[in-house]
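Peer 1: just coords:
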């Protein structure tokens with residue numbers, strides 16, 4: 001139990017770091033978001049194949065595996081106080097993890113194929129990328145962070161009901177989760193960036209809490225200890 005909590009804390013910190021690193025690479029270094037021309041987008045992927053491939057592993061594939069550990073660690077910590085909520089939250093967390101892993105694997109498989117095709121037929125490479133990119137985006141929740149939002153919201157509700165974790169952390173989780181859920185509305189999809197940045201803060205805070213001893217149990221042991 002204690003070891004799983006520690007692994008959950010490490011997983012949360014990894015996810016925060018991976019998400020932040022991925023945002024910096026794709027938005028600041030590669031400027032991927034601002035590229036709207038399909039040919040330029042494919043050329044950028046081809047020219048930066050190693051960086052894009054590694055970032056997909058970091059931000060999606062490895063992230064997904066750490067998310068499973070994080071979900072199970074929180075389930076073990078909160079299931080006694082809110083069993084139903086944590087069952088649903090954990091199931092959603094694992095589904096989200098599978099979706100992200102699939103997105104990263106599809107993206108890297110597509111990247112390898114497009115790079116090979118680009119050398120002989122750039123136009124066909126662009127058309128291939130155009131067909132595959134919506135699949136990657138859908139699996140990666142680019143069209144709405146409902147899975148991550150629901151998981152965060154339910155975990156925060158469960159922690160409040162169980163009397164676990166700092167109340168301010170749970171309040172932040174409720175806000176982050178709500179923002180993630182409403183990004184499924186097309187008009188509010190731009191809030192995906194807000195969700196991502198605020199969830200990084202939530203992951204960091206959650207990681208620190210999980211790496212510490214359980215304050216509730218520690219207090220109980222002091223009260224119950226014979227004089």
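Peer 2: Yep, it's here. Given the structure is predicted, the values throughout are model-derived calculations rather than measurements.
Peer 1: And the residue nearest to residue 29 when sequence neighbours are not counted, what's its pLDDT?
Peer 2: Residue nearest to residue 29 in three dimensions, not counting chain neighbours: residue 51, with 7.8 Å by C-beta to C-beta, 6 or more residues apart in numbering. C-betas here are computed from N, CA, C, even on glycine. Predicted confidence (pLDDT) for residue 51: 94.
Peer 1: OK, contacts around residue 51?
Peer 2: Neighbouring residues of residue 51 by C-beta atoms under 8 Å, 6 or more residues apart in numbering: 25, 29-30.
Peer 1: any weak-confidence spans in the chain?
Peer 2: The chain contains residues with pLDDT under 70 at 1, 213-227.
Peer 1: ok, longest helix in it?
Peer 2: If you go by DSSP state H, the chain has its longest helix at helix 83-118.
Peer 1: Tell me the buried residues in it?
Peer 2: Residues of helix 83-118 classed as buried by neighbour count (16 or more other C-beta atoms under 10 Å): 85-86, 89-90, 92-94, 96-97, 99-108, 110-111, 114-115, 117-118.
Peer 1: Next, report how far that helix is displaced from the centre of its chain.
Peer 2: For helix 83-118, the gap between its own C-alpha mean and the chain's C-alpha mean amounts to 10 Å (C-alpha atoms, centre = their mean, to the nearest Å).
Peer 1: Mind giving me the packing neighbours of that helix?
Peer 2: helix 38-47, helix 49-56, helix 62-78, helix 122-139, helix 146-162 (3 or more C-beta pairs under 8 Å, 6 or more residues apart in numbering; DSSP states H and E).
Peer 1: report the angle between the axes of that helix and helix 38-47?
Peer 2: Taking axes from the mean of the first three to the mean of the last three C-alpha atoms, to 10 degrees, one finds helix 83-118 and helix 38-47 inclined to each other by 90 degrees.
Peer 1: what's the angle between helix 83-118 and helix 146-162?
Peer 2: 160 degrees.
Peer 1: and the angle from helix 83-118 to helix 49-56?
Peer 2: 170 degrees.
Peer 1: pretty sure residue 93 is touching residue 66, no?
Peer 2: No - at 11.0 Å, residue 93 does not count as touching residue 66 under the criterion of C-beta atoms under 8 Å.
Peer 1: now residue 65: how far from residue 58?
Peer 2: Here the criterion is C-beta to C-beta, to the nearest Å. By it, residue 65 lies 11 Å from residue 58.
Peer 1: Sorry, slip of the keys, the one I care about is residue 137.
Peer 2: Applying C-beta to C-beta, the value for residue 137 to residue 58 is 18 Å.
Peer 1: follow-up on the earlier one: more neighbours, residue 65 and residue 58?
Peer 2: Each of residue 65 and residue 58 has its neighbours counted (other C-beta atoms under 10 Å); residue 58 has more, 18 against 14.
Peer 1: ok, and the closest non-adjacent residue to the more buried one?
Peer 2: Per C-beta to C-beta, 6+ apart, closest to residue 58 is residue 18, 5.0 Å.
Peer 1: In contact with the one you found, which residues?
Peer 2: 58-59, 62-63, 66.
Peer 1: Tabulate these (CSV), appending distance to residue 203.
Peer 2: Compiled in CSV, those are given as follows (distance: C-beta to C-beta, whole Å):
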residue, distance to residue 203
58, 14
59, 13
62, 14
63, 10
66, 10
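Peer 1: Show me which of these are buried.
Peer 2: Among the contacts of residue 18, the ones that count as buried by 16+ other C-beta under 10 Å are 58-59, 62-63, 66.
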